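Undergrad: Just a sequence and a predicted model for now, questions to come.
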Amino acid sequence: MSKVLTALYSVLCYVFAMAAIVYLMGFVEGLLVLKSIDSGDVGALWPSLLIDLALLAIFGLQHSVMARPGFKRVWTRFVPEAAERSTYLVFAGLALVLLFWQWRPLTQSVWRVDNTLFATLLIALSWVGWGMVLLSTYLISHPHLFGLTQGFAALLGRREPEARFVTPLLYKWSRHPLYTGFIIAFWAAPAMTLGHLVFAIGTTLYILIAIWFEERDLVAAFGDRYRQYRQEVGMIFPRLGQRRARETPPV
């Protein structure tokens, strides 16, 4: 029964996490959501700015702290290891829900592209970014990233596979194409308000900090193989003159 409940829990957490990500798309793009990054009651500048920065800090701290191996070792004393990733997704989703709920719009214009063609191209580019985010999750195992593999492993009588180092498709050009996609989606805006700019800057800073921690963990896990990969491939965008990374066999 516990195996069935763990598997069911992973599915529910997956649905919640995906719903939060879909809402995030609408929140940033201003489409089909109850509240977007630029909608809602406009308050005084400094209190609104401080609230938005606090929400971004909560989001960043939750993601960074709960993703660290040291935290996981302590956390799994209280949460079953098979449910650890799913529980992380719940807290990540709740951090996003809090941000959506309490975000204060700052509608002062930073830039606005009036040319219809250029504006359309920027919107299309932002959706390319979202596409990169989704594709990147599948390139590195979508079910594992979202806790389904872990949740169903015991129920199906399978052992969770060991971590492998591979560089499929987008990973031959960028070490972190998932983050590349987020950055493109957040910054490619034909109408950039102050609130949107604060969100884009805050999330980009978080991404840079997260990459530093992630790469430290990856070096610890894969050693010289990852160090070589880091020398060959750009962190977020391809380096000038960079060739595609050499084929890297699974480890």
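TA: Yes, it's here. Numbers count the residues shown, from 1 in each chain.

Undergrad: Roughly how far does the closest residue to Leu96 other than its chain neighbours sit from Asp38?
TA: Of all residues not flanking Leu96 in the chain, Ala20 sits nearest, at 4.6 Å (Cβ to Cβ, 6 or more residues apart in numbering). Placement of C-beta: from N, CA and C, glycine included. Computed as Cβ to Cβ, to the nearest Å, the Ala20 to Asp38 distance reads 19 Å.

Undergrad: Straight-line length of stretch 135-143, end to end?
TA: Using Cα to Cα, to the nearest Å, the end-to-end distance of stretch 135-143 comes to 13 Å.

Undergrad: How far off centre is that stretch?
TA: Stretch 135-143 sits 12 Å away from the centroid of its parent chain (Cα atoms, centre = their mean, to the nearest Å).

Undergrad: same deal with stretch 130-147?
TA: Between the centre of stretch 130-147 and the centre of its chain there are 10 Å (Cα atoms, centre = their mean).

Undergrad: picking up where we left off before, ok, the residue nearest to Leu96 - how many residues close by?
TA: Neighbour count of Ala20, defined by other Cβ atoms under 10 Å: 20.

Undergrad: Now do the buried residues in the helix or strand containing it.
TA: Secondary-structure assignment from DSSP states H and E places Ala20 in helix 2-29. Burial within helix 2-29, assessed by neighbour count using 16 or more other Cβ atoms under 10 Å, is assigned to 6-7, 9-10, 13-14, 16-17, 20-21, 23-29.

Undergrad: hey, where'd the helices end up in this protein?
TA: Under the criterion DSSP state H, helices of the chain are mapped to 2-29, 45-66, 69-75, 81-102, 116-139, 142-145, 148-153, 177-187, 194-222, 224-232.

Undergrad: Using CSV, lay out those together with mean pLDDT and distance to Pro238.
TA: Listed next are the helices of the chain as CSV, based on pLDDT from 0 to 100; distance: least, Cβ to Cβ, whole Å:
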stretch, mean pLDDT, distance to Pro238
helix 2-29, 96, 24
helix 45-66, 95, 25
helix 69-75, 88, 29
helix 81-102, 96, 28
helix 116-139, 97, 13
helix 142-145, 93, 23
helix 148-153, 92, 30
helix 177-187, 98, 10
helix 194-222, 95, 15
helix 224-232, 95, 11
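
Undergrad: Which one of those lies nearest to Thr167?
TA: Among these, helix 224-232 comes nearest to Thr167, with 6.7 Å by Cβ to Cβ.

Undergrad: quick one: that closest one to helix 194-222, angle?
TA: Relative orientation of helix 224-232 and helix 194-222, computed by axes from the mean of the first three to the mean of the last three Cα atoms, to 10 degrees: 140 degrees.

Undergrad: Pull the distance from helix 224-232 to the chain's centre.
TA: 23 Å.

Undergrad: who does it touch, helix- and strand-wise?
TA: With contacts defined as 3 or more Cβ pairs under 8 Å, 6 or more residues apart in numbering; DSSP states H and E, the packing partners of helix 224-232 are helix 194-222.

Undergrad: Contacts for stretch 46-62 next, please.
TA: 42, 91-92, 95-96, 98-99, 102-106, 195, 198-199, 202-203, 205-206, 209-210 (Cβ atoms under 8 Å, 6 or more residues apart in numbering).

Undergrad: Just the buried subset of these, please.
TA: Burial of the contacts of stretch 46-62 was assessed by neighbour count (16+ other Cβ under 10 Å); the buried members are 92, 95-96, 99, 103-106, 195, 198-199, 202-203, 206, 210.
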